[in-house]
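**Q** Return a 3D structure for these sequence lines:
(chains A and B)
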Protein chains: 2
Amino acid sequence: MRIEILTTGTELLLGKVLNTHGKWFGEELFKLGMRIQRLTTVPDGDAITQAIRESVVRADVLIITGGLGPTSDDLTRECVCEVLGIELIEDEAAVRSLEAFFAARNKVMAESNRKQAQVPVGADVLPNPNGTAPGIYIPPRLNGAANCAVFLLPGPPRELYPMFRAEVAPRLVALAGLANPPGMLELKITGVGESDIQEEIDAKLAEVPGLEVGYCARVGEVDVRLIGDEAAIAAGRDVTLAAFAKQTFSEDGSSLEATVVRLMSGAGLKLATAESCTGGLIANRITDVPGSSAVFTHGFVTYANEAKRDLLGVPQEILDEHGAVSEPVVRAMAEGALRVSGADIAVAVTGIAGPDGGTPEKPVGTVWLAWAAKGQATLAVKQIHPRNRKDFKLAVSQAALDGVRRLASK
Amino acid sequence: MRIEILTTGTELLLGKVLNTHGKWFGEELFKLGMRIQRLTTVPDGDAITQAIRESVVRADVLIITGGLGPTSDDLTRECVCEVLGIELIEDEAAVRSLEAFFAARNKVMAESNRKQAQVPVGADVLPNPNGTAPGIYIPPRLNGAANCAVFLLPGPPRELYPMFRAEVAPRLVALAGLANPPGMLELKITGVGESDIQEEIDAKLAEVPGLEVGYCARVGEVDVRLIGDEAAIAAGRDVTLAAFAKQTFSEDGSSLEATVVRLMSGAGLKLATAESCTGGLIANRITDVPGSSAVFTHGFVTYANEAKRDLLGVPQEILDEHGAVSEPVVRAMAEGALRVSGADIAVAVTGIAGPDGGTPEKPVGTVWLAWAAKGQATLAVKQIHPRNRKDFKLAVSQAALDGVRRLASK
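**A** Reported below is the predicted structural model:
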């Protein structure tokens, strides 16, 4: 099934907005075992009509986003109907739904919004609980010679995403003639590189009948996506976890920081952080998670040596003798954070983010990490992440959070 | 001049990679006073040939990225030559340049890399100092009937960006017949909303002859882009600064955190942060800036009330009486951070990031900010940012950093 995506909007071509629809549709369709054959972006205006005219003869399915709003440059409905030779009429149910949307917000509907209830004759109206623009589905039988199924969807993600999942995905599955649409499981793994993961499991996964596998490498994280029926996914999961059970932190799309907050919150544990080279990123990631205040109490960003000494009690002699990036210092930081905060677990990092500050013995990218926990021996490790400054910080924060996860899940 | 961009690569359509080329090209062309008319993404393979065939008859300029590598699925050169009916031949200078690239890295060139020296007859080879794939420029006169200028550029940003600026932009200016390409100035403004900025200056900017204006709104920041000749930009700058001199923090693309680090570093000032609701984001942004260790010494992430009390000396009575999100608490936080750290300036924030924790008097989005500086009266303000959790944190960090900037630039 040839699927094309057409994203419309002048703002997408002026460098003002990053178009994330392509990646998002790619992910969603991949979960359905489908692929995008072409992604086109055009400005508002005649270019839309031209692009639709070209697509409907190439593709089996054309998904168009944007241009369903109430203003004069929102012309997607008109362009599609012109190309397909279908009349636009006002849909009574769509008018009532629009009126209800405004009434629920104590507002009167502007006359310009009536335009949003215009629907091609015979098309399905796709409800939009999150905005005023309903989606439209024009089945292939309505398109005469073109024989292309056309979806018109709103551009804003908060309207688009739920509408796609509720209204578009099931219709795509039906169009593709799939009795049982494939399911997907995403295993998030940290602490192992993509090539090492592939070397260990790729050949074994290839032997699982009906299983499609995708890898997505990020800084400090690899997502393994298993697509297929229930049995294939279960077999693929077994293969993956047999090799990487300890490194797998999520099977439901949760981020590492959300996993840490969930585990610690469930166990009634408190966390403190002592950061030098990550400069607050670990605390920032933890506090991105709603409800993290139940877990996270104290964060120390001890960028200067004086801060390590005065806030965390790292002895000046150790700093002088071993330097800030050293095992004795990172241990003293973690234990100091645990003591001062009264938390159950404390994590500490100290390293060289670059671009300057490296030496032959301690090159840019060197980092010491330590985890201290009540009643347990403190653990410290050295790692090297030769990356740019921001990616270095991200990689170190990932390793730091993963150590906390392992302690919290014991 | 009709410009189309064609980005190629199967990985761009599987949801694995976010395609940022469209936004980047849009920005770069906008600076030249040009626009993208269409952006197309296709997978590797036959789809490339088909897309090129369609583009060269629609467009005056076609810019293609990707598929110039040494492997078997890198076929962009071949596809272009097939469509345009031009022969590919090995370019001696390109071979020597490839050999030099590998020699400089103490490596022997693989035979497969020779393919990268294949060039359409009569085309220009565009040097690639950052990789092995040279770019290719096929002038319109070589294309027979199509009369479209075609650029073949490498996909990776670190190779693409410098090549575009050095080799492509000047050729585009020449193709457009521009004697003096327009310049651009970007003024970054914070603390005022996009609509307020437009209301104040848009009509006045419209009166400046030959000036093109673009606005880009981000969380807590609006970029005003002035495009034109020197005189037009100077006049537009005068109009903008007459209204928003105090709110303009950058004229060279620098971020707010980089501006703060530059100003404080230049003045020999030290900074400390005391964060509750931003959870380390302010410290994290500051430490994203290379060289920030000269400025930033102590960061406190006092998420729990006990941390505010024990680390910053906020009196328990104030916390009990006024609550954590209050003017007395934020003042005590800023003054405590200044005292404990010995820094010259300290900034503190405490607020309700949500989604829970709001009350009728202090709804989600409420925040108190304070700035303390040696020998000056502490300043405190209340703001409301009714946004999602991450955007709230970002908006608050922006306001906090801007206050530091103003203190540091006094």
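**Q** for stretch A:2-16, what is the average pLDDT?
**A** Average pLDDT, stretch A:2-16: 88.
**Q** List the buried residues in it.
**A** Burial within stretch A:2-16, assessed by neighbour count using 16 or more other C-beta atoms under 10 Å in any protein chain shown, is assigned to A:2-10, A:12-16. For the C-beta atoms, the positions are set from N, CA and C on the backbone; glycine is no exception.
**Q** Can you tell me which of these end up in strands?
**A** In this view, those that belong to strands under DSSP state E are A:3-8.
**Q** TSV please, covering these and showing distance to B:D74.
**A** Listed next are these as TSV, based on distance: C-beta to C-beta, whole Å:
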residue	distance to B:D74
A:I3	25
A:E4	24
A:I5	24
A:L6	27
A:T7	27
A:T8	31
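**Q** roughly how far apart are A:A348 and B:G358?
**A** 34 Å (C-beta to C-beta, to the nearest Å).
**Q** quick one: which of the two has more around it?
**A** When neighbours are counted by other C-beta atoms under 10 Å in any protein chain shown, A:A348 and B:G358 differ, and A:A348 comes out ahead with 34 against 16.
**Q** A:D356 contacts B:A294, correct?
**A** No: using C-beta atoms under 8 Å, A:D356 is not in contact with B:A294; the gap is 10.7 Å.
**Q** Sketch out the strands for the stretch 151-300 of chain A, chain order is fine.
**A** A:183-189, A:212-218, A:221-228, A:248-250, A:271-275, A:296-302 (DSSP state E, counting those that start in this stretch).
**Q** Which parts of chain A are helices?
**A** In chain A, the segments counted as helices under DSSP state H are A:21-31, A:46-58, A:76-84, A:92-104, A:157-163, A:169-175, A:194-206, A:230-244, A:256-267, A:281-287, A:305-312, A:316-322, A:327-341, A:389-408.
**Q** Using CSV, please lay out those helices together with mean pLDDT, distance to B:V219 and mean neighbour count.
**A** Shown next, in CSV, are the helices of chain A (pLDDT from 0 to 100; distance: least, C-beta to C-beta, whole Å; neighbours: other C-beta atoms under 10 Å in any protein chain shown):
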stretch, mean pLDDT, distance to B:V219, mean neighbour count
helix A:21-31, 91, 20, 21
helix A:46-58, 94, 30, 19
helix A:76-84, 94, 28, 21
helix A:92-104, 88, 27, 14
helix A:157-163, 93, 16, 17
helix A:169-175, 94, 31, 16
helix A:194-206, 91, 32, 15
helix A:230-244, 97, 37, 18
helix A:256-267, 98, 20, 21
helix A:281-287, 98, 15, 29
helix A:305-312, 97, 29, 21
helix A:316-322, 97, 38, 13
helix A:327-341, 98, 31, 24
helix A:389-408, 96, 18, 22
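**Q** so which of those gets nearest B:N284?
**A** Closest approach to B:N284 among the helices of chain A (C-beta to C-beta): helix A:281-287, 4.6 Å.
**Q** Of all residues in chain A, which one is nearest the centre?
**A** A:G253 (8.1 Å; C-alpha atoms, centre = their mean).
**Q** residue contacts, that one?
**A** A:G253 makes contacts with A:186, A:188, as judged by C-beta atoms under 8 Å, 6 or more residues apart in numbering or on different chains.
**Q** So it versus chain B, what's the distance?
**A** Distance of A:G253 to chain B, computed by C-beta to the nearest C-beta, to the nearest Å: 13 Å.
**Q** From A:E186, how far out is that residue?
**A** From A:G253 to A:E186 the distance is 6 Å (C-beta to C-beta).
**Q** before we move on, back to that, keep only the buried residues of stretch A:2-16 that also lie close to chain B.
**A** A:12-16 (C-beta under 8 Å from any C-beta of the partner chain).
**Q** what's the closest of those to chain B?
**A** Within those, distances to chain B taken as C-beta to the nearest C-beta reach their minimum at A:G15, with 3.1 Å.
**Q** Look up phi and psi at the closest one.
**A** phi 80, psi 10 (degrees, to the nearest 10).
**Q** so how many other residues sit close to A:M184?
**A** With other C-beta under 10 Å as criterion, A:M184 counts 18.
**Q** For the residue nearest to it when sequence neighbours are not counted, give me its contacts.
**A** Nearest in space to A:M184, with sequence neighbours left out and distances taken as C-beta to C-beta, 6 or more residues apart in numbering or on different chains, is A:K31 at 4.3 Å. Listed by C-beta under 8 Å, 6+ apart, the contact partners of A:K31 are A:182, A:184, A:225, A:227.
**Q** what's across from the closest residue to A:E78 other than its chain neighbours in the sheet?
**A** Once flanking residues are discounted, A:E78 sits nearest to A:L88: 6.9 Å by C-beta to C-beta, 6+ apart. Beta bridges link A:L88 to A:P120, judged by DSSP bridges.
**Q** do the same with A:G214
**A** On the basis of DSSP bridges, A:G214 is bridged to A:R225.
**Q** Surely it is in contact with B:E11?
**A** No: A:G214 lies out of contact with B:E11 (C-beta under 8 Å); the separation is 10.3 Å.
**Q** Identify the farthest-apart pair in the contacts of A:K31.
**A** Among the contacts of A:K31, A:P182 and A:R225 lie farthest apart (C-beta to C-beta), at 11.0 Å.
**Q** per-domain residue ranges of chain A.
**A** For chain A, the structural domains run A:3-175, A:183-250, A:256-408, going by automatic domain parsing.
**Q** List just the one of the ones you listed that sits closest to B:G131.
**A** domain A:256-408 (17.0 Å).
**Q** Does chain B have contacts with that closest one?
**A** Yes: contact of domain A:256-408 with chain B (C-beta under 8 Å from any C-beta) involves A:273, A:275, A:278-284, A:286-288, A:290-293, A:296-304, A:306-307, A:310-311, A:340-342, A:353-357, A:389-390, A:393.
**Q** End to end on that domain, go ahead and measure it.
**A** 12 Å (C-alpha to C-alpha, to the nearest Å).
**Q** Repeat that for stretch A:170-180.
**A** Counting by C-alpha to C-alpha, you get 11 Å between the two ends of stretch A:170-180.
**Q** Is that stretch in proximity to chain B?
**A** No: with C-beta under 8 Å from any C-beta as the criterion, chain B is not reached by stretch A:170-180; the gap is at least 15.0 Å.
**Q** how many neighbours does A:S276 have?
**A** 29.
**Q** Name the nearest residue to it, sequence neighbours excluded.
**A** Here the residue nearest A:S276, using C-beta to C-beta, 6+ apart, is A:T350, at 4.0 Å.
**Q** Tell me if I'm right that that neighbour and A:H322 touch.
**A** No: in this structure A:T350 lies outside contact range of A:H322 using C-beta under 8 Å: 10.5 Å.
**Q** Touching both of these two, which residues are there?
**A** Residues touching both A:T350 and A:H322 (C-beta under 8 Å, 6+ apart) are A:V329.
**Q** and the helices of chain A as JSON lines, adding distance to B:G403?
**A** Formatted as JSON lines, the helices of chain A follow (distance: least, C-beta to C-beta, whole Å):
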{"stretch": "helix A:21-31", "distance to B:G403": "36"}
{"stretch": "helix A:46-58", "distance to B:G403": "45"}
{"stretch": "helix A:76-84", "distance to B:G403": "44"}
{"stretch": "helix A:92-104", "distance to B:G403": "39"}
{"stretch": "helix A:157-163", "distance to B:G403": "32"}
{"stretch": "helix A:169-175", "distance to B:G403": "47"}
{"stretch": "helix A:194-206", "distance to B:G403": "43"}
{"stretch": "helix A:230-244", "distance to B:G403": "46"}
{"stretch": "helix A:256-267", "distance to B:G403": "28"}
{"stretch": "helix A:281-287", "distance to B:G403": "19"}
{"stretch": "helix A:305-312", "distance to B:G403": "22"}
{"stretch": "helix A:316-322", "distance to B:G403": "32"}
{"stretch": "helix A:327-341", "distance to B:G403": "28"}
{"stretch": "helix A:389-408", "distance to B:G403": "24"}
